[in-house]
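>>> Kindly return the folded structure for what I paste below:
(one chain, ligands or ions: 1)
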Amino acid sequence: MAWIHLDSATQDGTVFDLYERDGIHMIRVDGWELMNGAFHQSEDILGELAARLARSPDPDILVGGLGLGFTLASLVRHLGGAGRVTVAELSAAVIRWFDRHTGRRLFDALPDHVRIRHGDVLALAGEGAWDAIVLDVDNGPQPLSAAGNSALYSSAGLAAFAARLKPDGVLLLWSAFEDPGFVDRARAAGFAVTRRPVARAPDDGPFHVIYVLSRSAMPDRDLDGFGLERL
Ligand SMILES: C[S@@+](CC[C@H](N)C(=O)[O-])C[C@H]1O[C@@H](n2cnc3c(N)ncnc32)[C@H](O)[C@@H]1O
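The predicted model follows:
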């Protein structure tokens, strides 16, 4: 069965399209697949890791962006009602699609401790102090869904995120590829860097990576406990 085109929207010159096939959704940006609901294992792990690595029992967690909502759903599940989650989503259409289509498959109703905000994740990071910041806005630390996103992965962007994390806070970044230059910039911004190789689907090899940037060195017990490799 072919994908059915449900809607289209333009954000700052980038075209976002929503498709559906057999109850599964997909978002494309300028024709490139940004998120496919058929494969969400690594997004689920990203949400779980954020919930488990946030050190406070009552954490403040910022997620950018919403996409189809799998990372958010996993995060909420693993927080078990604790803390507060703010989701920053740049595209008004993605938020509308979540309300009308994609979110309905994941949530009966959005929990009270979750807020979805329309805006840029770096700008919204400046409004709080975070136990964890989760970045899954492109396919890795290179702009895809918004030209301005290179600012997020630059030395200045990483320093700005570091300044908004609590002392034992962590920044997690989903990437479809290894990026040694990003790792170097993260280290220069004062982060200790670890990574968790992840598969796209249960029978796949670990093609993707979740970078975990921490303001203090990751204890050895956490490396084992969370499947992290020190870089
Ligand atoms: C790969 S999708 C996220 C997938 C999501 N983790 C999931 O589980 O479905 C990327 C999302 O980030 C949003 N986005 C892109 N740049 C952003 C930014 N600077 N701030 C906030 N959201 C952004 C996109 O509009 C898109 O909805």
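
>>> what about Tyr20, distance to Ile95?
Quick fix: residue 20 is Glu, not Tyr. Taking CB to CB, to the nearest Å as the measure, Glu20 and Ile95 are separated by 17 Å. No exception for glycine: its C-beta is placed from N, CA and C like everyone else's.

>>> and the spatially closest residue to Val114 that is not a sequence neighbour, how many neighbours?
Excluding its sequence neighbours, the residue lying closest to Val114 (CB to CB, 6 or more residues apart in numbering) is Val85, at 4.6 Å. Neighbourhood size, Val85 [other CB atoms under 10 Å]: 25.

>>> Regarding Val85, which helix or strand does it belong to?
Assigned by DSSP states H and E, Val85 falls within strand 84-89.

>>> tell me which residues in whichever helix or strand comes after that strand are buried?
Next helix or strand after strand 84-89 toward the C-terminus (DSSP H and E): helix 92-97. Neighbour counts over helix 92-97 (16 or more other CB atoms under 10 Å) mark Ala93, Val94, Ile95, Trp97 as buried.

>>> Which neighbouring elements make contact with helix 92-97?
strand 4-11, strand 14-21, strand 24-29, strand 114-118 (3 or more CB pairs under 8 Å, 6 or more residues apart in numbering; DSSP states H and E).

>>> Now tabulate those in a markdown table and tack on distance to Arg195, mean pLDDT and mean neighbour count.
Listed next are the helices and strands packed on helix 92-97 as a markdown table, based on distance: least, CB to CB, whole Å; pLDDT from 0 to 100; neighbours: other CB atoms under 10 Å:
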| stretch | distance to Arg195 | mean pLDDT | mean neighbour count |
| --- | --- | --- | --- |
| strand 4-11 | 30 | 96 | 13 |
| strand 14-21 | 28 | 96 | 17 |
| strand 24-29 | 25 | 97 | 20 |
| strand 114-118 | 27 | 98 | 16 |
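
>>> Arg55 belongs to a strand?
No: assigned with DSSP: H, G, I helix; E, B strand; the rest coil, Arg55 falls outside any strand and is coil.

>>> Excluding residues flanking it in the chain, which one is nearest it?
Per CB to CB, 6+ apart, closest to Arg55 is Asp168, 4.6 Å.

>>> check contacts around Ser8.
Val15, Phe16, Asp17, Leu18 (CB atoms under 8 Å, 6 or more residues apart in numbering).

>>> what's the most centrally placed residue in the chain in contact with, if anything?
Here the mean C-alpha position of the chain is nearest to the C-alpha of Asp136 (CA atoms, centre = their mean), at a distance of 3.0 Å. For Asp136, the contact set (CB under 8 Å, 6+ apart) comprises Glu43, Leu46, Val63, Gly64, Gly65, Gly67, Thr71, Leu173, Trp174.
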